[in-house]
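In: A predicted structure for the sequence below; I have some questions about it.
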Amino acid sequence: MTDGTSLKGPALCAAFGSDLLTDYVPDALGAGDARRQLFRGLLPTDDGWLELGELRVPLARRVESIPVASCAVRVRMFLLSEQALSFHTPRPEVYSYRSLDWRYRPAYQARQLHLRALAARHDLPLVLALDVQRLSLSLPLEALLHGPWMTERLAEALTALHAVAGRCLLPGHRWSNRLATAALAPLDETLAALAPGRWTRWGDDVHVFTRDQNEADDIRAAAEMSLDRIGLRLSPEKSAVAAASSVLTGPARSLTGRPEEVWRIGLAIGDVTALRYALARTPPDKTVSRDLVEAVRERPVLLPRAAHYLDRAMYTSTGQAAAKRLLSTAKTDTFTAARLLALAGRHPKLAADVPDELLAVADSSGFRPLRELAFRVSVLRDQQHMCPPSSRMEDWLRISGFARRRRPQVSTLL
């Protein structure tokens, strides 16, 4: 095991900000305390740091129970993982979560360009798609502990996490994606030897461009052997051979045009990818605001992006009306509470419109970050809270001025 290395505070804070873009329960204080700790290169105290909850999260095609973590868990695992991986460099064909300064959108665009270039080659008519079967659930603890980059402190933290959660990796966490990227390095070496320069990987999503079916079959067999050695297997449903051009309508598909127009077309054909793209990019728009509530009701997976859009649109009458309609028709589940309480925490004028049932489901969740969001909204409503405040929220009540105005984050990649 290595000892890790010291990392610069500003770079850690910037990368952790990116991590929060995939937080299922936004932090009630915008993770200000975590950022300060990172700037100083400190871990949070051990008392109660390993706090996990669970949300039923609507995905594009199913609803899945997702483990969610407090900021103390996120910041500890993030710092320990970055220290461990500071000298690990993935192969250039791997585009996901490569380094501390890695950024999502530039990396995704670079992958698109590489896939398009490979798909245009006449000597490579086929593409072999490979996908690991439930990687975040299936990756054995031992596979991580034996990584050449592993440190003692990260090994201890992963072992403790596995004992509580029954898994090594938490979906939506940057540190989990960093570790998963590193853990699949043996697969990368196999692909590089058999198809040099003719493959890409994003997470556990692999595309290998081949000359014929026989070559594709040989590479798949070699990939299966490589994964078996670290206790993983391919997904039979998601691993297949297709025409190389198929990637142009899949992972390499580019959405272009005015976001408002992408929104209109996405609604017409039920394209969730287009709707998520548009919500993240469109300025406040009367048509989008008018259609938003019904779109979220039909496709709950859009809720995180809808809250992000409404954060920008709250300064318009149509945006305010859409936010109030969304609150009045909201489902009373923890996933909905996490997004809408964060929005109300950012915009106090919405606090009075938050249904009591939404506060109650957050309080009864037993998950402190969600209860802290509910507490903040209750304070904004001048209403006595059902549960006593955590020490963090007691501190928040005591301070005044600029520091108290730290707000939950609703910007998201979800």
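Out: Received it, and whenever you're ready, just let me know what you need.

In: so where do the helices sit in the stretch 151-300 of the chain?
Out: Secondary structure of the stretch 151-300 of the chain (DSSP state H, counting those that start in this stretch): helices located at 152-165, 174-183, 185-194, 213-228, 259-269, 272-281, 286-298.

In: which strands or helices does the last one pack on?
Out: Packing contacts for helix 286-298, counted by 3 or more C-beta pairs under 8 Å, 6 or more residues apart in numbering; DSSP states H and E, involve helix 259-269, helix 272-281, helix 303-313, helix 317-328. (Glycine included, C-beta is placed from N, CA and C.)

In: how about the CA coordinates for it, as CSV?
Out: What follows is helix 286-298 as a C-alpha-only set of coordinates in CSV (Å, rounded to 0.1, in the frame of the first residue of the first chain):
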residue,chain,number,x,y,z
LYS,A,286,-42.7,30.9,-20.6
THR,A,287,-43.4,27.8,-22.6
VAL,A,288,-40.9,25.7,-20.6
SER,A,289,-42.3,27.0,-17.3
ARG,A,290,-45.9,26.3,-18.4
ASP,A,291,-45.1,22.7,-19.4
LEU,A,292,-42.7,21.8,-16.6
VAL,A,293,-45.1,20.5,-13.9
GLU,A,294,-46.8,18.1,-16.3
ALA,A,295,-43.5,16.9,-17.7
VAL,A,296,-42.2,16.1,-14.2
ARG,A,297,-45.4,14.4,-13.2
GLU,A,298,-45.1,12.1,-16.2
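
In: tell me, how many residues neighbour T256?
Out: T256: 7 surrounding residues under other C-beta atoms under 10 Å.

In: likewise for S390?
Out: Quick note: S390 (other C-beta under 10 Å) scores 15 neighbours.

In: re the thing from before, so which of the helices of the stretch 151-300 of the chain is the most packed in?
Out: For these, the largest average neighbour count (mean count of other C-beta atoms under 10 Å) is found in helix 174-183, namely a mean of 25.

In: what helices and strands are in contact with it?
Out: helix 9-19, helix 71-84, helix 135-138, helix 141-145.

In: give me whichever of these is most buried.
Out: Across those, the average number of neighbours (mean count of other C-beta under 10 Å) peaks for helix 71-84, which reaches a mean of 25.

In: re the thing from before, columns mean pLDDT and distance to Q383 on top of the helices and strands packed on helix 286-298, output as TSV?
Out: TSV is the format used below for the helices and strands packed on helix 286-298 (pLDDT from 0 to 100; distance: least, C-beta to C-beta, whole Å):
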stretch	mean pLDDT	distance to Q383
helix 259-269	91	36
helix 272-281	92	31
helix 303-313	96	22
helix 317-328	96	15
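
In: between the ones you listed, which one is nearest to S176?
Out: Evaluated over the helices and strands packed on helix 286-298, closeness to S176 peaks at helix 303-313, with 18.2 Å, by C-beta to C-beta.

In: and the direction of the closest one versus that of helix 317-328, what angle?
Out: Here helix 303-313 runs at an angle of 140 degrees relative to helix 317-328 (axes from the mean of the first three to the mean of the last three C-alpha atoms, to 10 degrees).

In: what's the angle between helix 303-313 and helix 272-281?
Out: 30 degrees.

In: buried residues in helix 303-313?
Out: Using 16 or more other C-beta atoms under 10 Å as the test for burial, helix 303-313 gives 303-311, 313.

In: nearest to G203, of the residues you listed?
Out: Distances from G203 to these, taken by C-beta to C-beta, are shortest for P304, at 19.2 Å.

In: skip the chain neighbours and tell me the closest residue to that closest one.
Out: With sequence-adjacent residues excluded and distances taken as C-beta to C-beta, 6 or more residues apart in numbering, P304 is closest to L414, at 4.0 Å.

In: hang on, isn't that neighbour packed against R305?
Out: Yes. Under the criterion of C-beta atoms under 8 Å, L414 makes contact with R305 at 7.3 Å.

In: how near is G319 to A185?
Out: Relative to A185, G319 is positioned 46 Å away (C-beta to C-beta, to the nearest Å).
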